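Enquirer: One predicted model, sequence on top.
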Amino acid sequence: MRFNPKARLDQSRVRDAGSGGGGGMGGGGLGGGGMRLPIPTGRGGIGGIILLVVLFVVARCAGIDLGLGGDGGTGGLGSVYSPSRLSDAQDGSDRYANCKTGEDANKSQDCARVAIENSLTDYWGSELGGKFRPEEAMVTFTGSVNTGCGAASSDVGPFYCPSDETIYLDTTFFNDVLEGQLGGPDGSFVEFYVLAHEYGHHISNLLGFMTEASRRGQNGPQSGSVRLELQADCYAGLWANHAESTEDAAGEPLIEGLTQEDIDQAIEAAKAVGDDYIQKRSGGRVDEEAWTHGSSEQRKKWFMVGYEQGSLDACDTFSVDRV
């Protein structure tokens, strides 16, 4: 993917919280106890990430207190970020200060992140019209961060918090976890797919699907949790279908070229975070009833539904009998 060098970037919603104090949800390492939530048998290690994220989201939607130190509590994490504190915008790092144009995005993955956020916001604003409001922020961090859903460490992986409508991302996830531990693909569009997926959760939140998911159970291949995750994959594909038509505030195109290689990277990344793949990779047996995000095949399928059909209605994973 290349960005239009003439496009102007809006940095207002992309922030860096710097480095937190470590610890937090991660417990004794990746998936090592996490939030003291039950990890199903055979889903230890890296599989804990997937369980943590979905329980993190669904429990908050259902109003369940997970004891994560929400409402600004630090949970023993030291210096952490809260988007509700206006001073944090100044106190955080200046990581994105020089991200001003599409040319900057072509030279820097940090600036590319800003450009993708701008593209997602423009697309979904056009798609949803009056139902849309942008995410509060897209926050990068290192080590740990405080959120409206509680204090989180890097072990949780990228996630969306519905309570503060913010996307959180430790950028080391892609090299350390997705590539290193899961054997996922390398390439800049891998991160763009993940960002589009997390933005998809924001759209599901705006459209009321998160509440619906909480009524349909948290585990199993047809559960509410799986349907919610597959919908986010579909929304990521839907954005990819329309990415080249997105514009900056002045009407200048943001993205000049989306290639088949980009789409292939997204598909491989989706497969690498499938529940069945992670269960096998972590040495456990494939247990469908423990699934919370969907199989590799389901995730690939629904990304492609969004990408090939290009229709919001096609991504209603809650209206079909089987996903």
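Expert: Perfect, thanks for sending it.

Enquirer: make it CA atoms for all contacts and neighbour counts henceforth
Expert: Noted.

Enquirer: for the nearest residue to Glu289 once chain neighbours are set aside, what are its contacts?
Expert: In this structure, Glu289 finds its nearest non-sequential neighbour in Gly220, 4.1 Å apart by C-alpha to C-alpha, 6 or more residues apart in numbering. Contacts for Gly220 (C-alpha atoms under 8 Å, 6 or more residues apart in numbering) come out as Val226, Glu288, Glu289, Ala290, Trp291, Thr292.

Enquirer: repeat that for 7 Å
Expert: Residues near Gly220 by C-alpha atoms under 7 Å, 6 or more residues apart in numbering: Glu288, Glu289, Ala290, Trp291, Thr292.

Enquirer: Do me a favour and average the pLDDT over the helix or strand encompassing Glu127.
Expert: Per DSSP states H and E: Glu127 is located in helix 109-128. When pLDDT is averaged over helix 109-128, the result is 97.

Enquirer: For that helix, buried residues please.
Expert: Buried residues in helix 109-128, counted by 16 or more other C-alpha atoms under 10 Å: 110-124.

Enquirer: How far off centre is the next helix or strand after that helix?
Expert: As assigned by DSSP H and E, the chain's next helix or strand after helix 109-128 is strand 137-142. Offset of strand 137-142 from its chain centre (C-alpha atoms, centre = their mean, to the nearest Å): 11 Å.

Enquirer: Parallel or antiparallel, list what pairs with strand 137-142.
Expert: The pairing partners recorded for strand 137-142 under DSSP bridges are strand 14-19 (parallel), strand 166-169 (parallel).

Enquirer: any idea which of the ones you listed is most buried?
Expert: Comparing the strands paired with strand 137-142 by mean neighbour count (mean count of other C-alpha atoms under 10 Å), strand 166-169 ranks first with a mean of 25.

Enquirer: Give me the pLDDT value at the residue positioned nearest the centre of the chain.
Expert: Residue closest to the mean C-alpha point of the chain, counted by C-alpha atoms, centre = their mean, is Glu198 at 2.8 Å. At Glu198, the model reports a pLDDT of 97.

Enquirer: got it, and Val190?
Expert: For Val190, pLDDT reads 91.

Enquirer: Assign it to helix, strand or coil.
Expert: helix (DSSP: H, G, I helix; E, B strand; the rest coil).

Enquirer: wait, it sits on Ala266?
Expert: Yes - applying C-alpha atoms under 7 Å as the test, Val190 and Ala266 come out as touching, 5.5 Å apart.

Enquirer: In terms of packing, which of these two has more residues around it?
Expert: For the pair Val190 and Ala266, the greater number of neighbours falls to Ala266 (28 against 23), based on other C-alpha atoms under 10 Å.

Enquirer: how about the more buried one, secondary structure?
Expert: Secondary structure of Ala266, per three-state DSSP, is helix.

Enquirer: What's the separation between it and Arg13?
Expert: 24 Å (C-alpha to C-alpha, to the nearest Å).

Enquirer: Please list all residues in contact with the residue nearest to the centre of the chain.
Expert: By C-alpha under 7 Å, 6+ apart, the residues touching Glu198 are Phe159, Tyr160, Ile167, Ala232.

Enquirer: partners of the third one in the sheet?
Expert: Which is Ile167. For Ile167, the beta-bridge partners are Met138, Tyr160 (DSSP bridges).

Enquirer: Look up the pLDDT of it for me, please.
Expert: We have a pLDDT of 98 for Ile167.

Enquirer: Isn't it up against Gly148?
Expert: No - using C-alpha under 7 Å, Ile167 is not in contact with Gly148, being 10.8 Å away.

Enquirer: Quick one: the helices in this structure, in order.
Expert: Ranges of helices within the chain are 47-61, 88-91, 102-107, 109-128, 173, 188-206, 209-214, 224-242, 260-272, 275-281, 296-309, based on DSSP state H.

Enquirer: ok, now which ones touch Val273?
Expert: Neighbouring residues of Val273 by C-alpha under 7 Å, 6+ apart: Ser296.

Enquirer: any weak-confidence spans in the stretch 51-200 of the chain?
Expert: For the stretch 51-200 of the chain, the stretches with pLDDT under 70 are 51-93, 176-184, 186.
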